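[1] Pasting a predicted model and its sequence here:
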Amino acid sequence: MEFQEKLMYLRKEHGWSQEELGDKVSVTRQTVSKWELGQTTPELAKLIELSELFQISIDELVGREKESIPNSSLQGRPDYYDEREFRHFYQTTYEYKSKKRFLGMPLVHIHFGRGNCTAKGIIAIGNCAVGFLSIGVASVGLISVGVASLGLLAYGLTCLGLLASAGGVAIGGLFAAGGVAVSCYFAVGGVAAGTSIAIGGCAAANQLAIGGAAAGTVAVGQYVDGTTVFKSNSGFSNVDWNAVRIAVEEQCRRIPEWLLDWILRWMN
């Protein structure tokens, strides 16, 4: 396989456009096009960059060594392979990109390994992932899972969910659950803070707080502070939950009845 054929094959194998490859080695799309058409050849410095980028030797890149992939693999291959990215077993990264697209993004994009591996797709899995459903060390998506995650629904060690989140440190719009949980409405966690409801070892809320230490308009716990307080033992077995219900219904009008019923059943 000659250099221009090898370059085109490697570029397509990695799912890059001519412009994307050019950006990686600091040349224009037109320069890459000329290389692939055989009109020009790269200078030595660019050959070195290309060989490092594709993790093959310069001799193999220019066609002076036995090909690890035969020329025939370029012919008769199904079209759907064009945007798939399979790297050799000895390489440190793996990438797959489906041909099918939605809203301009691949339906599935997987990209993980060493270095800055970013996946962008409807379903994205990678070191860094951006998509409707994203899973990664760092992830952003409608539904997001990762060590650090941001999304409408987020789960991770540190997470921010515009609607709900769960994790070691969780910040959620309506609901948050975690070791440390903060929510604009309902928080559950070791340390929990919610504008309306908080339940946890240490709980603080404007409306109802339940915990070992609790502070709220209605507070239930061993150590309590609030307008109406109910002191409890460690298991809450001595709490008059019917009295709690009456106090919440009178003083915490923002808590819907169905949610109050669920909380009291859970605590019982």
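    Now that the structure is in, tell me what you want to look at. Residues are numbered from 1 along each chain as shown.
[2] Name the SS class of the nearest residue to residue 232 once chain neighbours are set aside, please.
    Of all residues not flanking residue 232 in the chain, residue 239 sits nearest, at 4.8 Å (CB to CB, 6 or more residues apart in numbering). (C-beta placed from N, C-alpha, C; glycine too.) Classification of residue 239 using DSSP: H, G, I helix; E, B strand; the rest coil returns coil.
[3] and the gap between the closest residue to residue 3 other than its chain neighbours and residue 7?
    Distances taken as CB to CB, 6+ apart put residue 62 closest to residue 3, at 4.7 Å, once the chain neighbours are dropped. The gap separating residue 62 from residue 7 is 9 Å, by CB to CB, to the nearest Å.
[4] Near the residue nearest to residue 232, how many other residues are there?
    Around residue 239 there are 19 other residues, counting by other CB atoms under 10 Å.
[5] my guess is it meets residue 229, correct?
    No. Using CB atoms under 8 Å, residue 239 is not in contact with residue 229, being 11.0 Å away.
[6] More neighbours: which of residue 62 and residue 7?
    Between residue 62 and residue 7, residue 7 has the larger neighbour count (other CB under 10 Å), namely 23 against 19.
[7] after the strand or helix carrying that one, next one along is what?
    Here residue 7 sits within helix 3-13, counting by DSSP states H and E. Next along the chain after helix 3-13, taking DSSP H and E as the criterion, comes helix 18-25.
[8] Please compute how far the following helix or strand past that following helix lies from its chain's middle.
    Heading C-terminal from helix 18-25, the first helix or strand you meet, by DSSP H and E, is helix 29-37. Relative to its parent chain, helix 29-37 has a centroid offset of 36 Å by CA atoms, centre = their mean, to the nearest Å.
[9] Residues touching the helix or strand just after helix 29-37, excluding its own?
    Counting by DSSP H and E, the next helix or strand C-terminal to helix 29-37 is helix 44-54. With CB atoms under 8 Å, 6 or more residues apart in numbering as the test, helix 44-54 has contacts from 7, 10, 14, 24-25, 27, 42, 57-58, 60-62.
[10] for helix 44-54, which positions count as buried?
    For helix 44-54, the neighbour count (16 or more other CB atoms under 10 Å) marks 47, 49-51, 53-54 as buried.
[11] right, and out of those residues, which lies closest to residue 256?
    Taking CB to CB as the measure, residue 256 lies nearest residue 53 of the buried residues of helix 44-54, at 57.4 Å.
[12] what's the spacing between the closest one and residue 93?
    12 Å.
[13] How about residue 228?
    59 Å.
[14] Kindly report the same for residue 110.
    Taken as CB to CB, the span from residue 110 to residue 93 is 10 Å.
[15] Likewise for residue 41?
    Distance, residue 41 to residue 93, using CB to CB: 27 Å.
[16] Longest strand in this protein, please.
    For the chain, the strand with the greatest residue count under DSSP state E is strand 123-172.
[17] Give the partner strands of the helix or strand following that one in its sheet and their orientations.
    Helices and strands here follow DSSP H and E; after strand 123-172, the next one along the chain is strand 175-183. Sheet partners assigned to strand 175-183 using DSSP bridges are listed as strand 123-172 (parallel), strand 186-194 (parallel).
[18] Which stretch among those strands is buried most, on average?
    Across the strands paired with strand 175-183, the average number of neighbours (mean count of other CB atoms under 10 Å) peaks for strand 186-194, which reaches a mean of 24.
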